[in-house]
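Novice: got a predicted structure here, sequence first:
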Amino acid sequence: MATTSDGAAAGRPGLVVVKVGSSSLRGEDGLLDRAMVASLGHQLAAVRASGSAVVLVSSGAVSAGMGLLGLADRPTDRERLQACAAVGQAELINAWQQAFAEHGLSAAQVLLTQDDFVARGRYLNARQTLTRLLSLATIPVINENDAITFDELAYGDNDHLAALVASMLHADLLVLLSDVDGVYDAPPNEPGATVVPTVADVADLDLDRIGGTGSAFGSGGMRTKVESAQVVTASGGAVVIANASRPDVVGDAVAGRDVGTRFAARDRSDARRLWIGFALRVRGRLVVDAGAVGALTGRGRSLLAVGVTTVEGDFPAGACVAIDGPDGTEVARGLTTLAADDLRRVVGHTTADARRALGSDRVREVVHRDHLFVLPHHRA
């Protein structure tokens, strides 16, 4: 089974990553919806049989655990979330195994954390493992390792995780399935709101109007899906956002039929910036003034100490920090050249003054532009 478009049937993507959300896998009884799992399993097997390699990113462990533990409301504390994930993950992978076994395939469980994308050795090992699994009679089933991670569901209901997996494997197509039909041109509950069939550039979307925070059983929303689409299209793949309950939705998306919202692939950009924006754990926060916001988002400049007004958190040099504008809105993320304590000593200083304050010539930028990721909805 090929993992690139070179080995796919003519006109079909070589590698497809499909992500299904928690809300789509939770039945009315609060338990895992095995009928939905069976339906999607059949679709994925059919896509694989048609010549495309398939990777599944499946949410649902927490919601499956909620059902088994008799919890009606999603826990808000980390310990109970992780307990639900531990109970539900076994139920989830068992359901996918049964679904794939009917088609002579095995479900290969792969649990990932942020560190698997940050530490180069682990990143390469994960990629090699997934590549080998795709050459066997398996469909890898990926989930975040919610039972042990400290940043529970940090990827946004697995939308960002799916995007990182798709980028890692150079997937031709990412299909994000949830309980919505696609990206609407206005809040879906507004009269006259319609699905946007194609998006050539995320900048064309009004994220303030379409953004959402997810369902009661998942943590993702439309904003995380659109940001995930930004990652994959920048990595050279296309993205489809569609409703999991639509008949043969996966097959239609792979075949290029009119289903949901399709984001066109773009030329590959710097993968390192994608990791900074979506893979690295944020260790602190910098508040910057309006001038710095303009320099970062509009002119592609580095962040200098003179533009920083507040430093939050305790972090070492080289850590990933969120960068907020004066109104508190996050505009970028980047790798800081200074530890938090040193940075507090030079807040608001010119570069020359910062060097004198720290007694070092190494002070140039707080965050160099090569180590900066401007969030998609803030790019000029």
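Specialist: Yep, it's here.

Novice: what is the burial count for the closest residue in space to Asn158 that isn't next to it in sequence?
Specialist: In space, not counting the residues next to it along the chain, Asn158 is nearest to Ser59; the distance is 4.7 Å by C-beta to C-beta, 6 or more residues apart in numbering. From N, CA and C alone the C-beta is placed, and that goes for glycine too. Using other C-beta atoms under 10 Å, the number of residues around Ser59 comes to 32.

Novice: repeat that for the one 5 residues further on.
Specialist: Taking other C-beta under 10 Å as the criterion, the count of residues near Ala64 is 30.

Novice: now do the contacts for it.
Specialist: Residues in contact with Ala64 (C-beta atoms under 8 Å, 6 or more residues apart in numbering) are 25-26, 31-32, 87-89, 91-92.

Novice: next: Ala72.
Specialist: Neighbour list for Ala72: 30, 66 [criterion: C-beta under 8 Å, 6+ apart].

Novice: for Ala85, see how far away it is.
Specialist: Look at Ala72 and Ala85: by C-beta to C-beta, to the nearest Å, they are 17 Å apart.

Novice: and if you look at Ala295?
Specialist: From Ala295 to Ala85 the distance is 41 Å (C-beta to C-beta).

Novice: residues touching stretch 299-307, excluding its own?
Specialist: 286, 288-289, 291-292, 295-296, 323, 334, 343, 346-351, 354, 363-369, 372, 380.

Novice: of Ala295 and Ala85, give the one with the bigger neighbour count.
Specialist: Between Ala295 and Ala85, counting by other C-beta under 10 Å, Ala85 is the more crowded of the two (27 against 18).

Novice: so that one is in which element?
Specialist: Here Ala85, judged by DSSP states H and E, is contained in helix 78-101.

Novice: tell me which strands and helices that helix is in contact with?
Specialist: For helix 78-101, the packing partners by 3 or more C-beta pairs under 8 Å, 6 or more residues apart in numbering; DSSP states H and E come out as helix 34-49, strand 53-58, helix 61-69, strand 106-112, strand 138-144.

Novice: circling back: adding pLDDT and neighbour count, write the contacts of Ala64 out as JSON lines.
Specialist: Shown next, in JSON lines, are the contacts of Ala64 (pLDDT from 0 to 100; neighbours: other C-beta atoms under 10 Å):
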{"residue": "Leu25", "pLDDT": "92", "neighbour count": "27"}
{"residue": "Arg26", "pLDDT": "89", "neighbour count": "25"}
{"residue": "Leu31", "pLDDT": "87", "neighbour count": "16"}
{"residue": "Leu32", "pLDDT": "91", "neighbour count": "25"}
{"residue": "Val87", "pLDDT": "93", "neighbour count": "19"}
{"residue": "Gly88", "pLDDT": "92", "neighbour count": "27"}
{"residue": "Gln89", "pLDDT": "92", "neighbour count": "22"}
{"residue": "Glu91", "pLDDT": "93", "neighbour count": "17"}
{"residue": "Leu92", "pLDDT": "95", "neighbour count": "26"}
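
Novice: and these, which is closest to Gly237?
Specialist: Leu25 (23.9 Å; C-beta to C-beta).

Novice: count of neighbours near the nearest residue to that closest one once chain neighbours are set aside?
Specialist: Distance criterion C-beta to C-beta, 6+ apart; nearest residue to Leu25, sequence neighbours excluded, is Gly60 at 3.9 Å. For Gly60, the count of nearby residues is 30 (other C-beta under 10 Å).

Novice: and the pLDDT at Gly60?
Specialist: Here the pLDDT value assigned to Gly60 is 89.

Novice: roughly how far does it sit from Met36?
Specialist: 10 Å.

Novice: next one: Met66
Specialist: Using C-beta to C-beta, Met66 is found at 16 Å from Met36.

Novice: quick one: contacts of stretch 257-270?
Specialist: Residues outside stretch 257-270 that contact it (C-beta under 8 Å, 6+ apart): 172, 181-183, 195-200, 202, 229, 232-243, 246, 249, 252-253.

Novice: which parts of it are buried?
Specialist: By neighbour count on 16 or more other C-beta atoms under 10 Å, the buried set for stretch 257-270 is 259-263, 265-266.

Novice: could you pull up the mean pLDDT of that stretch?
Specialist: The pLDDT scores in stretch 257-270 average 86.
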